[in-house]
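Engineer: I would like the atomic coordinates for the input below:
(one chain, ligands or ions: 1)
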Amino acid sequence: MRVLIVEDEQPLALSLQRGLKTNGFAVDVAFDGNNGLSMAREHRYDAIVLDLMLPDVHGYQICATLRDHRDWTPILVLTAKDGELDETMGLNIGADDYLTKPFSFPVLVARLRSLLRRGAAPCPPILAAGDLRLDPASRRVWRGDQLLSLTTKEVAILEYLLRNTGRVVSKRDILEHVWDDAFDGDPNIIEVYVRYLRKKIDIAFGRCAIETVRGAGYRLAADGGVWSGRGLAR
Ligand code: CA
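Structural biologist: Numbering: from 1, shown residues only. Reported below is the predicted structural model:
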């Protein structure tokens, strides 16, 4: 099993390397983020041990870049303090496991072995309609190659529309699936959100994927329709 360690504290990195080698792993080490990222991209590792606080490219960035390239190599993140750990998990950066420093070496080995047993998680399906894509795991949305900046609610509404591509969904459906039970406001709030969403995913690109179906609700065009000026071109 080949493991990459990305850690800028050289004594720690080297002692981890020695220890893991003793435990039968093949181990490469990168002392900074740039090297770590290029090594991770270049070779197929069975797992990566990733420090977050690196002098150049932050561990978050490495994780996100790998996942963006649909690389699901198991990643065990090392964090410096508890607060950072909470934040990291909250950010859902796509790592598979976390250890707070200082950690015990046997625990690291045990966690690593369990990650290796699991193997790379099956890549979560990307939802798509034409060139509009949404990654449910990272909550990111693209139109073509362009990463869009959407709010949490906008992503949630779009996810619901994408999961129902080609079907008409009512405002009530959206409310039930995107808002929690506590919401008892006006369903017309959906119109406001859909307007924002349209601006970002459609109008900005001369598209009209989200159709309004009068009196019924909305429908996301299966092919992410192109606005022809007269109507939806299929
Ligand atoms: Ca560090």
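
Engineer: got a list of what the residue nearest the centre of the chain touches?
Structural biologist: Centroid-nearest residue in the chain: Ser138, 1.9 Å away (criterion: C-alpha atoms, centre = their mean). Neighbouring residues of Ser138 by C-beta atoms under 8 Å, 6 or more residues apart in numbering: Ala64, Arg67, Asp68, Asn92, Gly94. For glycine as for every other residue, the C-beta is placed from the backbone atoms N, C-alpha and C.

Engineer: before we move on, what SS does the first one have?
Structural biologist: Classification of Ala64 into helix, strand or coil gives helix, according to DSSP: H, G, I helix; E, B strand; the rest coil.

Engineer: Met53 touches Ile62, doesn't it?
Structural biologist: No: using C-beta atoms under 8 Å as the test, Met53 is too far from Ile62 to be in contact (11.9 Å).

Engineer: give me the more crowded residue out of those two.
Structural biologist: Between Met53 and Ile62, counting by other C-beta atoms under 10 Å, Ile62 is the more crowded of the two (27 against 16).

Engineer: nearest residue to that one other than its sequence neighbours?
Structural biologist: Leu37 (5.0 Å; C-beta to C-beta, 6 or more residues apart in numbering).

Engineer: can you tell me how far that neighbour is from the ion?
Structural biologist: As judged by C-beta to the ion, to the nearest Å, Leu37 and the ion stand 15 Å apart.

Engineer: same check on Asp96?
Structural biologist: As judged by C-beta to the ion, Asp96 and the ion stand 19 Å apart.

Engineer: picking up where we left off before, can you mark which positions in the helix or strand where the residue nearest to Ile62 lies are buried?
Structural biologist: Applying DSSP states H and E as the criterion places Leu37 in helix 33-42. Using 16 or more other C-beta atoms under 10 Å as the test for burial, helix 33-42 gives Gly33, Asn35, Gly36, Leu37, Met39, Ala40.

Engineer: now that helix, how far from the centre of its chain.
Structural biologist: Averaged C-alpha coordinates place helix 33-42 at 19 Å from its chain's average position (C-alpha atoms, centre = their mean, to the nearest Å).

Engineer: could you shift the numbering so residue one becomes 23, and keep it that way?
Structural biologist: All right, first residue 23 from here; so that's helix 55-64.

Engineer: so Gly81 sits against Asp73, correct?
Structural biologist: Yes: here Gly81 reaches Asp73: they are 5.9 Å apart, a contact under C-beta under 8 Å.

Engineer: what's the most distant pair in the contacts of Ser160?
Structural biologist: Spanning the widest gap among these are Asp90 and Asn114, at 13.9 Å by C-beta to C-beta.

Engineer: higher neighbour count, those two?
Structural biologist: Higher neighbour count among Asp90 and Asn114: Asp90, with 14 against 10, using other C-beta under 10 Å.

Engineer: and that one, its phi and psi?
Structural biologist: Here is the backbone geometry of Asp90 (degrees, to the nearest 10): phi -60, psi -30.
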